[in-house]
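**Student:** Dropping the sequence and predicted coords here.
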There are 2 protein chains.
Amino acid sequence: MSWVDGVDAGTVPVSDRGLLYGDGVFETMTCRDGAPRFFDLHWQRLALGCERLGFAAPDRGRVLAVLRHAAATQQAAPAVLKLIVTRGSATGRGYAPPAEPQPRRIIERYAWEDDRQAAAAGVLVQFASQSLADSPRLAGLKHLNRLEQVLARAELHGSPAREALMRGSDGRIVCGTASNLFLVRAGALLTPRVDRCGVAGVMRAVVLREAPLQGWSVREAEVMPCDLAGADELFLTNARIGIWPVVALGGWRTDSPGPVTLALQAHLDKLRE
Amino acid sequence: MSWVDGVDAGTVPVSDRGLLYGDGVFETMTCRDGAPRFFDLHWQRLALGCERLGFAAPDRGRVLAVLRHAAATQQAAPAVLKLIVTRGSATGRGYAPPAEPQPRRIIERYAWEDDRQAAAAGVLVQFASQSLADSPRLAGLKHLNRLEQVLARAELHGSPAREALMRGSDGRIVCGTASNLFLVRAGALLTPRVDRCGVAGVMRAVVLREAPLQGWSVREAEVMPCDLAGADELFLTNARIGIWPVVALGGWRTDSPGPVTLALQAHLDKLRE
């Protein structure tokens, strides 16, 4: 099911700049009790994305109303909601943004995917050969230019790995195609910076905010593949999956999810957002 | 006017991966005598793009038939035709490409834009502050991830410049937002490489092919802004505009289009492709 500018609709004009140029941003949210979880954080990133691309974000209240409506359909069964905001229709040919863009709001409702097994037992992760190009002005945003992620994700075809970890052009670890990585080392958390490329995930922001409150220090850092050797635990974050323990990545292996990962999972589950 | 998979239609499903991820490629063509000009070169690049993205290009004959139909509408008035080929609709949520994608063909017909003045008198060009990120696997292609070009083009708002010239992260010149640059120096032509980023334009390919036949040597090279000082002539190429003389770029200035530029313009005009 989908809604375009608040109206039940399944199509957009071929002139939409999201289609023509990837000129827009998106968020993928889960629902709880008929409302999108961590909506404030999703909205912050979306609004920042619109600002960086140079157009006004749509009205927050109107978007939230449609999201709540989407969450409530189909007997409010668990769902994943995707919100796309594009710069709207092109007013002519060419890259130049319209002087007065009318951003388009697209909301899609997807059935819930049951990944409890992955959350409990952990997942295999592999390095992607497709790297992420440095693009500081777009770094951290969840914009619609996602070919690098598509190509990296395609590398998993036929592999038991659930996620592909992407590196920058200098080999440093950045993030997964649809997740962020955390390392636990001697009780301290570490996650790669996403200021040159990569996405600043909402669940990553939640962990950065919550971990210190739970007694673990956490910082953003340059992380090279060789740094994995010193990690006691590894986990992935994403707004949909929450936290997935990593049980194998490159030469790094573990038998079972570690205590910090499990404690953080339990803590996040309890958050009323 | 637009056609989707050969049918007169103005919309695409919100599930199209072109919209979701910029997962596709495009070509912008002019028409002459009811057919797209330089179609073989456009098709070569489009097919290469599909191959690099990992899906089969649509049937060439079917695409060409719709392009001819589009060219012939509205009393075959001069038009610009845009062909977009996406990986088609998503079959689920997430970046993973469908195992059996059904690529979608979108053709849009635009009114001709009369740029004879620019072609005759030349244009002002300015450097964009937005740079192009190195992404060798996608370099040269005309894919749908075009945010860098959109941001660079937006910098021209309120400027008399007709094009923004983009540099790589190391400062080298790559290409314009929608054109390629050539330098003429002592009767020899030079154009920046596009093997790390940038688009390998169709009109650039035509000039690379035709210039030697007209007696000018031509080569691809690393071009830094300081190299402009030694240029006798500068011009831009693009399938729609053909050749635009540059009359100013950074500190480089000229009073009028140069003889090589004018001779190449005249030669390209005569090509029956």
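**Tutor:** Done, it's in.

**Student:** For the residue nearest the centre of chain A, give me phi and psi.
**Tutor:** Most central in chain A under CA atoms, centre = their mean is A:G201, positioned 4.6 Å from the mean C-alpha point. A:G201 adopts backbone torsions of phi -60, psi 150, taken as degrees, to the nearest 10.

**Student:** residues in contact with the closest residue to A:D232 other than its chain neighbours?
**Tutor:** Of all residues not flanking A:D232 in the chain, A:V184 sits nearest, at 5.2 Å (CB to CB, 6 or more residues apart in numbering or on different chains). For every residue, glycine as well, the C-beta is placed using N, CA and C. By CB atoms under 8 Å, 6 or more residues apart in numbering or on different chains, A:V184 lies in contact with A:L190, A:W216, A:A231, A:D232, A:E233, A:L234, A:F235, A:G258, A:V260, A:T261.

**Student:** Could you check the host helix or strand of the last one and say which residues are buried?
**Tutor:** Using DSSP states H and E, A:T261 sits in helix A:259-270. Taking 16 or more other CB atoms under 10 Å in any protein chain shown as the neighbour-count basis, helix A:259-270 is seen to contain the buried residues A:V260, A:T261, A:L262, A:L264, A:Q265, A:H267, A:L268.

**Student:** Quick check, the first one in contact with A:W216.
**Tutor:** I take that to be A:V260. Yes: checked against CB atoms under 8 Å, the pair A:V260 and A:W216 is within contact range at 6.5 Å.

**Student:** Could you tell me which residues touch both of the two?
**Tutor:** Joint contacts of A:V260 and A:W216 (CB under 8 Å, 6+ apart) are A:V184, A:G187, A:L189.

**Student:** got TSV for these, with pLDDT too?
**Tutor:** Formatted as TSV, these follow (pLDDT from 0 to 100):
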residue	pLDDT
A:V184	98
A:G187	90
A:L189	98
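
**Student:** Report the outermost residue of chain A with respect to its centre.
**Tutor:** When distances to the mean C-alpha position of chain A are computed (CA atoms, centre = their mean), the maximum falls on A:G92, with 32.1 Å.

**Student:** Contacts only, for it.
**Tutor:** With contacts taken as CB under 8 Å, 6+ apart, A:G92 has the following neighbours: A:P98.

**Student:** Please report how far it lies from B:E163.
**Tutor:** 16 Å (CB to CB, to the nearest Å).

**Student:** and if you look at A:Q117?
**Tutor:** As judged by CB to CB, A:Q117 and B:E163 stand 54 Å apart.

**Student:** Of those two, give the one with the bigger neighbour count.
**Tutor:** Using other CB atoms under 10 Å in any protein chain shown as the criterion, A:Q117 and B:E163 rank with B:E163 on top: 26 against 9.

**Student:** and the helix or strand of chain A with the lowest mean pLDDT, how far from the chain's centre?
**Tutor:** Of all the helices and strands that make up chain A, the one with the lowest confidence by mean pLDDT, DSSP states H and E is strand A:35-36; it has a mean of 92. Distance of strand A:35-36 from its chain centroid, counting by CA atoms, centre = their mean, to the nearest Å, is 16 Å.

**Student:** Partner strands of the strand or helix carrying A:F182, with direction?
**Tutor:** Of the helices and strands defined by DSSP H and E, A:F182 is found in strand A:180-185. Strand A:180-185 has the following strand partners under DSSP bridges: strand A:188-192 (antiparallel), strand A:233-238 (antiparallel).

**Student:** Of the ones you listed, flag the one that's most buried.
**Tutor:** Most buried of the strands paired with strand A:180-185, by mean neighbour count (mean count of other CB atoms under 10 Å in any protein chain shown): strand A:233-238, with a mean of 25.

**Student:** Can you report how many residues neighbour A:R62?
**Tutor:** Counted with other CB under 10 Å, the burial measure for A:R62 works out to 12 neighbours.

**Student:** Which pLDDT value belongs to the residue lying closest to it once chain neighbours are set aside?
**Tutor:** Setting aside the residues directly before and after it, A:R62 is nearest to A:G6 in space (CB to CB, 6+ apart), at 6.7 Å. Per-residue confidence (pLDDT) for A:G6: 96.

**Student:** pretty sure A:G6 is touching A:V66, no?
**Tutor:** Yes: if you go by CB under 8 Å, A:G6 and A:V66 touch, sitting 5.1 Å apart.

**Student:** Those two: which is more packed in?
**Tutor:** With neighbours defined as other CB under 10 Å, A:G6 and A:V66 compare such that A:V66 has more, 19 against 14.

**Student:** doesn't A:I107 make contact with that one?
**Tutor:** Yes: taking CB under 8 Å as the definition, A:V66 is a contact partner of A:I107 at 5.5 Å.

**Student:** Identify all contacting residues around the helix holding A:T261.
**Tutor:** Outside helix A:259-270, the residues that reach it (CB under 8 Å, 6+ apart) are A:119, A:184, A:187, A:189, A:203, A:206-207, A:210-211, A:214, A:216, A:232-233, A:235, A:242-243, A:245.

**Student:** let's see it at 7 Å
**Tutor:** Counting contacts by CB atoms under 7 Å, 6 or more residues apart in numbering or on different chains, the residues outside helix A:259-270 that touch it are A:119, A:184, A:187, A:206-207, A:210-211, A:214, A:216, A:233, A:235, A:242-243, A:245.

**Student:** Measure how it sits relative to strand A:233-238, angle-wise.
**Tutor:** Going by axes from the mean of the first three to the mean of the last three CA atoms, to 10 degrees, helix A:259-270 is angled at 30 degrees with respect to strand A:233-238.

**Student:** What is the three-state secondary structure of the nearest residue to A:C31 once chain neighbours are set aside?
**Tutor:** What sits nearest to A:C31 in space, not counting adjacent residues and going by CB to CB, 6+ apart, is A:A71, at 4.1 Å. Assigned with DSSP: H, G, I helix; E, B strand; the rest coil, A:A71 falls in the helix class.

**Student:** could you measure A:A71 against chain B, distance?
**Tutor:** 16 Å (CB to the nearest CB, to the nearest Å).

**Student:** Surely that residue touches A:P78?
**Tutor:** No: taking CB atoms under 7 Å as the definition, A:A71 is not a contact partner of A:P78, at 9.4 Å.

**Student:** More neighbours: the two, which one.
**Tutor:** More neighbours sit around A:A71 than around the other of A:A71 and A:P78, counting by other CB under 10 Å; the figures are 24 against 13.

**Student:** What distance do you get for that one to A:L156?
**Tutor:** From A:A71 to A:L156 the distance is 30 Å (CB to CB).

**Student:** Repeat that for A:A139.
**Tutor:** 24 Å.

**Student:** next one: A:L271
**Tutor:** According to CB to CB, A:L271 and A:L156 sit 30 Å apart.

**Student:** what's the answer for A:G22, then?
**Tutor:** When A:G22 is compared with A:L156 (using CB to CB), they lie 22 Å apart.

**Student:** now A:L268
**Tutor:** Where A:L156 is concerned, A:L268 sits at a distance of 25 Å (CB to CB).

**Student:** same thing with A:R185?
**Tutor:** Between A:R185 and A:L156 the distance is 27 Å, computed by CB to CB.

**Student:** between the two, which one's more packed in?
**Tutor:** A direct count of neighbours by other CB under 10 Å for A:R185 and A:L156 places A:L156 higher, at 19 against 15.

**Student:** so which strand or helix has that one?
**Tutor:** A:L156 is part of no helix or strand, with elements assigned from DSSP H and E.

**Student:** What of A:E210?
**Tutor:** The secondary structure element spanning A:E210 is helix A:202-213 (assigned by DSSP H and E).
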